[in-house]
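A.B. asks: I would like the atomic coordinates for the input below:
(chains A and B)
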Amino acid sequence: MFPVCADPSLLSGLDWFSCYLTTPKHLAFFESFGLVMLLIAVVAPVALAIGFAAAVASRSASPLLSLPGRGYIALARGVPDIVFFLFVPIALDQGFEYLRYLMICPDQPDGVWQGNNFLVCSAAKLPLSTAAPIWHSVYGFGLAVISFGLVFGAFAGNVLAGSFKAVPIAQIQTGASFGMTQSQIFRRILVPQMWVFALPGLSNLWQILIKATPLLFLLGLQDIVYWARELGSSKTSIYAYPHPDWRLYYFGFLLIFYLGLTAISEVAYKRIMARLSRGQATLAGSGKTGLRGGV
Amino acid sequence: MPVRARRGCGVVFNGMNACFDTIQAYGLRAIGIGERLLPKTDITLCEQMVLIGSGLIWNVYFGVLAIGFGFWFAIGLSLGRQSRFAALRLVSSGFVFLFRGSPLFIQCFFAYEAFVLLPKIGITIDLGLVVIDASTGWFTKAWAGALFVLFCNTAAYSSEIFSGALQSVPNGQIEAARASGMTRFQIFRRVMFPNMLRLAWPAYMNEAIFLFHSTTLVFFSGFPAWRQEGDALYYASYFAEKTFNPFVPYPIVAGYFILLTLVIIAVFTITGGYLNRSLPQERRVKPRFRLLMWR
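C.D. replies: Just a heads-up that it's a prediction; the model follows:
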């Protein structure tokens, strides 16, 4: 990075460290923190949208809608989430490739299941093996967003379904007695009011999402965990910057990063809640925070 | 090698017998008893069911011991957080913040690296005749190291639950106890502790469920599976890798975990009824499943 770094073997002390921490690999490590932030920023609205849809579906009068909605929300309760994170990306990947196989080369001689292998013709591969490396990363990231979205969508659906129920029934009855239609009641009474009830749960979900991001590593992405392992492992003198096993310090750094992230979120949540509760006739509005669950 | 059902005719016929053989060969494989080599080719459904089920031994082991020991530590922590001594308050709330504010995944990685480094600065105590090697070598193995991390983790989360419950113990009961001349310890033992447990129980059930789910993380977070002795998810991902078919092993894990969750719910509902036995029906604290937890 800097001109002094041309020959690392001559460096020592602070110079060595400043050169060491600005190697291209370290810059990739720092960029992967951006990847984590990007994932959170993309997944949060996606999961909220999926969760909202699931919560609305689960309230539907028609079992055609309510059963899938309830089933989807309930599934995330009984099954470890890490199972989803391992399962969904592979399943999606194979699903996409299978669809492309049906479109592009359905007359493949041996079919897709060849012994213990799942193989599609090279034209149907995703991403194409000729594609630039960036597309492989983008594809991997896309799969990660979908699997996080699906898992957290179920969580959000659970929170939102609960807060739909928390809206006082009298309000809905009043709406009905005014002659509002079902959809008017939904739009004008239910949705505007349920957010206040949903906020504690959603904030908790936000913390959960932050703490779930290291699972990106399991999806094979070059995320912060990958780089921490890669950069921290001991480097012999054939490397430009030899050092013993420093993984402990790298993981220590990640630990502090996450502690900071969750602590900031907690402070932000308390401020938002204080503002929203101002003047409300709730326990929180009267100066005592008596919220269930909490963060 | 165990006798396996060969493809083609006789599969159904031999299926049952072969499955008994498989149970013999792999039923306790996760703790090192039985066939040493894992199935590699012609993997049958029975083999997947049996081996993944055998991996469940580890999940139960981690879950039961971490909860069993963590329970007492959690109570200590929640008392420490309300202690008269500032130092004790600081240490216990710091501990809770550390373990609740960071992902379990990173905690495991960090702890593993720390345990690997520790023996190098370990202590050997020479007692003249015997030399005690007080090394931390054990902790680099999952059975001790991961258990330790899970123990600390569940203690931190449970202490949050117990602290909340401790603060909602009815004041009148404590006053009554004081009026009848009980000492501080007696008040805790006879009034606060039973009330706290009763109030915290539904939330604590949730914590137990999520701890059991989190045990699937262990073998994906630094701790190596010694001689391929891993947990349910470890074997599931092994099969997914070998068969390129995620649609069989992962639903099997999911099914096992749903069963495990039902068992936990049953155990906690029964003990919850016992804890609430002195109360009239309508004042009992009902078990309620809440989702909002994650490590």
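A.B. asks: what's the burial count for residue B:263?
C.D. replies: 11 (other C-beta atoms under 10 Å in any protein chain shown). Yep, even glycine has a C-beta here, placed from its N, CA and C like the rest.
A.B. asks: Next: the one 3 residues further on.
C.D. replies: Each residue near residue B:266 was counted by other C-beta under 10 Å, and the total is 10.
A.B. asks: Let me see the contact set for it.
C.D. replies: By C-beta atoms under 8 Å, 6 or more residues apart in numbering or on different chains, no residues touch residue B:266.
A.B. asks: now it: how far from residue B:109?
C.D. replies: To residue B:109, residue B:266 is 34 Å away according to C-beta to C-beta, to the nearest Å.
A.B. asks: now the helices for the chain?
C.D. replies: You didn't pick a chain, so chain A it is. Per DSSP state H, chain A carries helices over the ranges A:13-20, A:24-58, A:63-78, A:81-104, A:133-166, A:169-177, A:182-185, A:191-212, A:224-232, A:247-277.
A.B. asks: I was thinking of chain B, sorry if that wasn't clear
C.D. replies: Listed in chain order, the helices found in chain B under DSSP H are B:11-26, B:45-81, B:86-101, B:104-117, B:142-167, B:171-179, B:184-187, B:193-214, B:232-243, B:249-275.
A.B. asks: and residue A:5, which of the ones you listed is closest to it?
C.D. replies: Closest to residue A:5 of the helices of chain B is helix B:104-117 (C-beta to C-beta; 27.4 Å).
A.B. asks: Spell out whether that closest one and chain A are in contact.
C.D. replies: Yes - judged by C-beta under 8 Å from any C-beta of the partner chain, helix B:104-117 comes into contact with chain A at B:104-107, B:109-110, B:113-114, B:116-117.
A.B. asks: Give me the mean pLDDT for that helix.
C.D. replies: Averaging pLDDT along helix B:104-117 yields 87.
A.B. asks: try stretch B:18-37
C.D. replies: On average, stretch B:18-37 scores 82.
A.B. asks: Straight-line length of it, end to end?
C.D. replies: End-to-end distance of stretch B:18-37 (C-alpha to C-alpha, to the nearest Å): 17 Å.
A.B. asks: list the buried ones in that stretch?
C.D. replies: Residues of stretch B:18-37 classed as buried: B:18-19, B:21-23, B:25-27, B:29-30, B:34-35 (neighbour count, 16 or more other C-beta atoms under 10 Å in any protein chain shown).
A.B. asks: Report how many residues lie close to the nearest residue to residue A:202 once chain neighbours are set aside.
C.D. replies: What sits nearest to residue A:202 in space, not counting adjacent residues and going by C-beta to C-beta, 6 or more residues apart in numbering or on different chains, is residue A:159, at 5.9 Å. Under the neighbour criterion other C-beta under 10 Å, residue A:159 is assigned a count of 27.
A.B. asks: likewise residue A:169?
C.D. replies: 8.
A.B. asks: Residue 43: how many residues sit nearby?
C.D. replies: With no chain named, the answer covers chain A. Other residues close to residue A:43 by other C-beta under 10 Å number 22.
A.B. asks: that's the other chain; I wanted chain B
C.D. replies: The number of residues packed near residue B:43 is 20, by other C-beta under 10 Å.
A.B. asks: Same question for residue A:98.
C.D. replies: Residues lying near residue A:98 (other C-beta under 10 Å) number 14.
A.B. asks: mind putting the buried residues of stretch B:18-37 in TSV, distance to chain A included?
C.D. replies: Formatted as TSV, the buried residues of stretch B:18-37 follow (distance: C-beta to the nearest C-beta, whole Å):
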residue	distance to chain A
B:18	19
B:19	20
B:21	21
B:22	18
B:23	23
B:25	20
B:26	19
B:27	22
B:29	20
B:30	17
B:34	23
B:35	19
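A.B. asks: Output the residues you listed in CSV, with distance to residue A:260 appended to each entry.
C.D. replies: Formatted as CSV, these follow (distance: C-beta to C-beta, whole Å):
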residue, distance to residue A:260
B:18, 55
B:19, 52
B:21, 54
B:22, 49
B:23, 49
B:25, 49
B:26, 45
B:27, 46
B:29, 42
B:30, 38
B:34, 47
B:35, 48
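A.B. asks: what's the closest of those residues to residue B:210?
C.D. replies: residue B:30 (22.0 Å).
A.B. asks: Tell me which residues touch the closest one, please.
C.D. replies: Applying C-beta under 8 Å, 6+ apart to residue B:30 gives the contacts B:51, B:54-58, B:229-231, B:235.
A.B. asks: quick one: which of these is nearest chain A?
C.D. replies: Of all the contacts of residue B:30, chain A sits closest to residue B:231, with 10.3 Å by C-beta to the nearest C-beta.
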